[in-house]
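In: Sequence first, predicted coordinates after that:
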Amino acid sequence: MVETLSYAIDEEDRLIRLDDGYYRFAEENGWEEVSLSLGRSLWDFVAGEDVKRLQRLLLRRIRDEARSVELACRCDGPETTREMEVRIAATSTGRGVLFSARIRSEDERDEPQRLLDPEAPRGSDRLPMCAWCDRFEVEDEWIEVEEAAKRLELFRRSELPSLDHTICPRDSEILLAA
Ligand SMILES: [Zn+2]
């Protein structure tokens, strides 16, 4: 199991210096084309306009103030819950930024959650998902995937809703205050 991974971006937000942990983590999680990540823009891998906007703001502050922040986030898969700590730090020279993540805990779910399966077929219904805590917004409430599946009666549906990647209000506040 991978416990730490890191990667850096240059002043133009291109991915440079991916470490072994990054490659192994990508492989464990079935990320395709990871070998092609190097040199690509970080933003090619970030879905959702709100997510990009908040992350750009955060990166700008880190660079302008030449400092670092530490944040907790989730990085779940259909079969796994995963809590991570991410440190985002300005590099000592230029305007590069180093991301280092540590996996704090990893647990198998009782049942796989199709909502988190990137391969599952999706319909035209939309469902907001927070890119930071991996919760879903159902009836104005941000809830864990198991609860969302229950409330949306997913067992009755052949097609899953399409996900709108966003940041929930709680995590927006945390990112803006970081
Ligand atoms: Zn959230």
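Out: It's in. Numbers count the residues shown, from 1 in each chain.

In: Show the average pLDDT along the one helix or strand Ala101 maps to.
Out: In this structure, Ala101 sits in strand 97-108 according to DSSP states H and E. Strand 97-108 shows an average pLDDT of 96 in the prediction.

In: What pairs with it, parallel or antiparallel?
Out: Paired strands of strand 97-108, with direction, are strand 4-9 (antiparallel), strand 80-90 (antiparallel) (DSSP bridges).

In: residue contacts, the residue nearest the centre of the chain?
Out: Per C-alpha atoms, centre = their mean, the C-alpha nearest to the average position across the chain is that of Ala131, at 4.9 Å. For Ala131, the residues meeting the contact criterion (C-beta atoms under 8 Å, 6 or more residues apart in numbering) are 46-48, 51, 165-167. Any C-beta I mention is one placed from the backbone N, CA and C, and that applies to glycine too.

In: can you give me the strands for the protein?
Out: In order along the chain, the chain carries the following strands (DSSP state E): 4-9, 15-16, 68-74, 80-90, 97-108, 122-130, 136-138, 141-143, 160-166.

In: do you know how far the nearest residue in space to Asp164 that is not next to it in sequence is from Ala148?
Out: In space, and not counting its chain neighbours, Asp164 is closest to Pro128: 4.7 Å by C-beta to C-beta, 6 or more residues apart in numbering. Going from Pro128 to Ala148 by C-beta to C-beta, to the nearest Å gives 10 Å.

In: Specify which residue of the two has the higher count of neighbours.
Out: Ala148 (22 against 18; other C-beta atoms under 10 Å).

In: sorry, back to before: ranking the strands paired with strand 97-108 by burial, who's on top?
Out: Each of these was given a mean neighbour count from mean count of other C-beta atoms under 10 Å, and the largest, a mean of 18, is that of strand 4-9.

In: Need the residues that contact it.
Out: Outside strand 4-9, the residues within contact range by C-beta under 8 Å, 6+ apart are 15-19, 21-22, 24-25, 42, 91, 96-103.

In: Next: stretch 158-169.
Out: With C-beta under 8 Å, 6+ apart as the contact definition, stretch 158-169 has outside contacts at 47-48, 50-51, 54, 114-115, 120-133, 135, 137, 142, 152, 154, 175.

In: Could you do stretch 111-126 as well?
Out: Outside of stretch 111-126, the residues that reach it under the criterion C-beta under 8 Å, 6+ apart are 76-79, 127, 134, 136, 145-146, 148-149, 154, 157-164.
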